[in-house]
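# my questions are about this predicted structure, shown below with the sequence.
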Amino acid sequence: MVKIAMVEQESVREKVVAFTFDDGPHPVYTAQVLELFRRAGGQATFFMIGQEIEAHPEIAAEVHREGHEIANHTYTHPDLTKLTLEEAGEELQRAEHLVQEVTGQPARSFRPPYFGVNDDILSLAAERGYRTIGAVNGDAKDWDNPGVEHIVEHTRSAVKPGSVLIFHDGYGDRSQTVEAVRVLVEELVTEGYRLVTVSELLDISHEQDEKIT
């Protein structure tokens, strides 16, 4: 039996990286992030909270319209490991319904709030068709507003082709995050990286594996 695990890094031959943003959509910071990626010509993945989609449906719709991926980050942002499996399933289902209202299609990826998972939650997500997504730059801790330089340095040192990066565009003042992402996006594009969605990254890795086999 293959053990299910969170995806933090995919083995790929090309220089691609997946920026992800949690806890939105937010009318100020999500819009700023969209502008950064518009200028860079790249795409990102937004792990949206269901309640925030309900609060800002027009922002969620803009994210989708501009070609970014919307993924599941639960409905109310609980630690799923502290819920019953039935309650955890309800959290995923309510958020999934809202994602589908915006995009017209199922979400392919899920990120557990606080990275709170166990084997039961990983299996629950897999049964519902999700890949559970982590990140390589957890030490950046942008959610704590540790300073732009801290976020940049602890992300820069973790990046390599195939990396998934975590940032936040919702809940609180995210101006440090936006500035750090601006710096990182400019650096990585200059270095020849392509900015892709999580689903694109998974597809690239899968296609590469198929060619090898």
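It's in. Numbering: from 1, shown residues only.
# which helix runs longest in this structure?
Criterion DSSP state H: the longest helix present in the chain is helix 85-103.
# for that helix, what is the average pLDDT?
Summarised as a single mean, pLDDT over helix 85-103 is 98.
# show me what the helix or strand in which F167 is found is packed up against.
Per DSSP states H and E: F167 is located in strand 164-168. Applying 3 or more C-beta pairs under 8 Å, 6 or more residues apart in numbering; DSSP states H and E, we find strand 164-168 packed against strand 16-22, helix 175-190. Just so you know, the C-beta spots here come from the backbone N, C-alpha and C atoms, and that holds for glycine as well.
# and A71, what helix or strand is that in?
Here A71 is assigned to strand 69-72, by DSSP H and E.
# from the helices and strands packed on strand 164-168, which stretch is densest packed?
strand 16-22 (a mean of 26; mean count of other C-beta atoms under 10 Å).
# buried residues, the very next helix or strand once past it. List them.
Sequence-wise, the next helix or strand downstream of strand 16-22 (DSSP H and E) is helix 29-40. If you call a residue buried by 16 or more other C-beta atoms under 10 Å, then helix 29-40 has these buried ones: Y29, T30, A31, Q32, V33, L34, L36, F37, A40.
# any chance of these in JSON lines, plus pLDDT and distance to H56?
Putting the buried residues of helix 29-40 into JSON lines (pLDDT from 0 to 100; distance: C-beta to C-beta, whole Å) gives the following:
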{"residue": "Y29", "pLDDT": "98", "distance to H56": "11"}
{"residue": "T30", "pLDDT": "98", "distance to H56": "8"}
{"residue": "A31", "pLDDT": "98", "distance to H56": "10"}
{"residue": "Q32", "pLDDT": "98", "distance to H56": "14"}
{"residue": "V33", "pLDDT": "98", "distance to H56": "13"}
{"residue": "L34", "pLDDT": "98", "distance to H56": "13"}
{"residue": "L36", "pLDDT": "98", "distance to H56": "18"}
{"residue": "F37", "pLDDT": "98", "distance to H56": "18"}
{"residue": "A40", "pLDDT": "97", "distance to H56": "23"}
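# for E8, find the nearest of the helices and strands packed on strand 164-168.
Closest to E8 of the helices and strands packed on strand 164-168, according to C-beta to C-beta: strand 16-22, at 10.3 Å.
# what residues does that closest one touch?
Outside strand 16-22, the residues within contact range by C-beta atoms under 8 Å, 6 or more residues apart in numbering are 30, 33, 37, 42, 44-47, 71, 73, 111, 133, 135, 143, 159, 161-170, 181, 185, 188, 193-198, 200-201, 204.
# count of neighbours near Y75?
By the measure other C-beta atoms under 10 Å, the count of residues near Y75 is 21.
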